[in-house]
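Asker: here is the input, now give the coordinates:
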Amino acid sequence: MINSTQVSYFILSAYFDTGVFKYVFFMIVMFLYMLIVGSNLLLIVVICMNRSLHEPMYLFLCRLFVNELFGSAGLFPFLLLQILSDIHTVSAPLCFLQIYCVHCYAGVEYFNLAVMSYDRYLAICYPLQYNTRMTNNKIATLIALTWFFPCFAMVVLLSMTSPLQLCGNTIYKVYCDTHSVVKLFCSDIKAINVYGLIATFTTIFGPLTLILYSYVRIFRVCFSGCKQTRQKAVSTCTPHLASLLHFSVGGCFEILQSRFNMNTLPNVLRIFLSLYFLTCPPLFKPCTVWPESVQNTCHI
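Answerer: All right, here's what the predicted structure looks like:
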């Protein structure tokens, strides 16, 4: 057995030799990263510079775009270096740092989508009381909570895994993730599994429960309201639901990739499925969650 303190690097075995085409892949990934950074950063600047957009809905949107930049920064620079490298290894500290960034990004995303659904629930179900219910202090508290719990949960998880023993250092992915590293542990991991289930339930099913409750109330108001109310609810909620579905599908791909044997699938397809929730949502979300009226104004 290899003690975890003796492991100085991990081997990423999902990469394959692409020859001279690695430079083509590098340019494609670089273009996608620049597009993600440019589109999300542009919308953050628009919100910050336009005082008419300093409202709760846009503040939560801004928070969503910031998280996309955070998640992308945890993957793309690392991915670009690995594409050009002939030896696909990563140091243990950098591997755990990437695990922290990737899983914090996923947790914060769900929490922020839940907060946005709650905001729209108040706006549609209690329009006259919206300003008194969604105060500045409440907005600041909600934003702080979306950051605090996922990041704190990952700090606890990484502190639990650091003293454990490893039986190997080969990860069958193109980046580091918790499940791939946990499978390398030789010692008893019951405590980690229990904590992981609790953290996953709280991070995923907790926000999904709030989202479900919010939309049940929203749909109830829509069915009992006039045509104008239904149209407003549809135009307000459809982009948010599309974003939630997009991210959830990507998350399901990652769970299936990690928990089940996918060796029968082509290697390229497995890589795409594992990268989907880290690349596609940050790329398309600026177009799907941004209100249509502002899209037309900004020509985005």
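
Asker: from here on, just use CA atoms for contacts and neighbour counts.
Answerer: Noted.

Asker: helix or strand for residue 140, which one?
Answerer: Assessed by DSSP states H and E, residue 140 sits inside helix 136-161.

Asker: next, the buried residues of that helix.
Answerer: 139, 142-143, 145-147, 149-151, 153-154, 157-158, 161 (16 or more other CA atoms under 10 Å).

Asker: show me the shaky parts of the chain.
Answerer: Scanning the chain for pLDDT under 70 picks out 1-6, 225-227, 229-230, 232-233, 258-263, 286-300.

Asker: tell me where it has helices.
Answerer: Per DSSP state H, the chain carries helices over the ranges 22-49, 56-73, 76-84, 92-125, 130-133, 136-161, 178-182, 190-200, 206-224, 227-259, 267-288, 292-298.

Asker: out of those helices, nearest to residue 10?
Answerer: helix 92-125 (6.3 Å; CA to CA).

Asker: how about the closest one: buried residues?
Answerer: Buried-residue list, helix 92-125, by 16+ other CA under 10 Å: 92, 95-96, 98-125.

Asker: before we move on, what about stretch 194-209?
Answerer: 195-196, 199, 202-204, 207-208.

Asker: from memory residue 120 sits against residue 237, does it?
Answerer: Yes. Assessed by CA atoms under 8 Å, residue 120 is found in contact with residue 237 at 7.5 Å.

Asker: hang on, the earlier thing: any chance of the buried residues of helix 136-161 in CSV with distance to residue 44 as columns?
Answerer: As requested, the buried residues of helix 136-161 are arranged in CSV below (distance: CA to CA, whole Å):
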residue, distance to residue 44
139, 17
142, 19
143, 15
145, 20
146, 18
147, 18
149, 23
150, 22
151, 22
153, 27
154, 26
157, 31
158, 31
161, 36
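
Asker: on that earlier part again, for residue 168, which of the helices of the chain is the nearest?
Answerer: Comparing these by CA to CA, helix 178-182 comes nearest, at 9.3 Å.

Asker: show me which of the buried residues of stretch 194-209 is closest to residue 74.
Answerer: Distances from residue 74 to these, taken as CA to CA, are shortest for residue 203 (19.3 Å).

Asker: can you give me the distance of the residue lying closest to that closest one once chain neighbours are set aside to residue 228?
Answerer: The shortest distance from residue 203 to any non-neighbouring residue, by CA to CA, 6 or more residues apart in numbering, is to residue 107 (5.7 Å). To residue 228, residue 107 is 35 Å away according to CA to CA, to the nearest Å.

Asker: nearest to residue 280, of the buried residues of stretch 194-209?
Answerer: residue 204 (19.2 Å).

Asker: distance check, the closest one against residue 110.
Answerer: Distance, residue 204 to residue 110, using CA to CA: 6 Å.

Asker: so which residue is smack in the middle of the protein?
Answerer: By CA atoms, centre = their mean, the mean C-alpha position of the chain lies nearest to residue 106, the distance being 3.1 Å.

Asker: if I pick that one, what's in contact with it?
Answerer: Shown in contact with residue 106 (CA atoms under 8 Å, 6 or more residues apart in numbering): residue 71.
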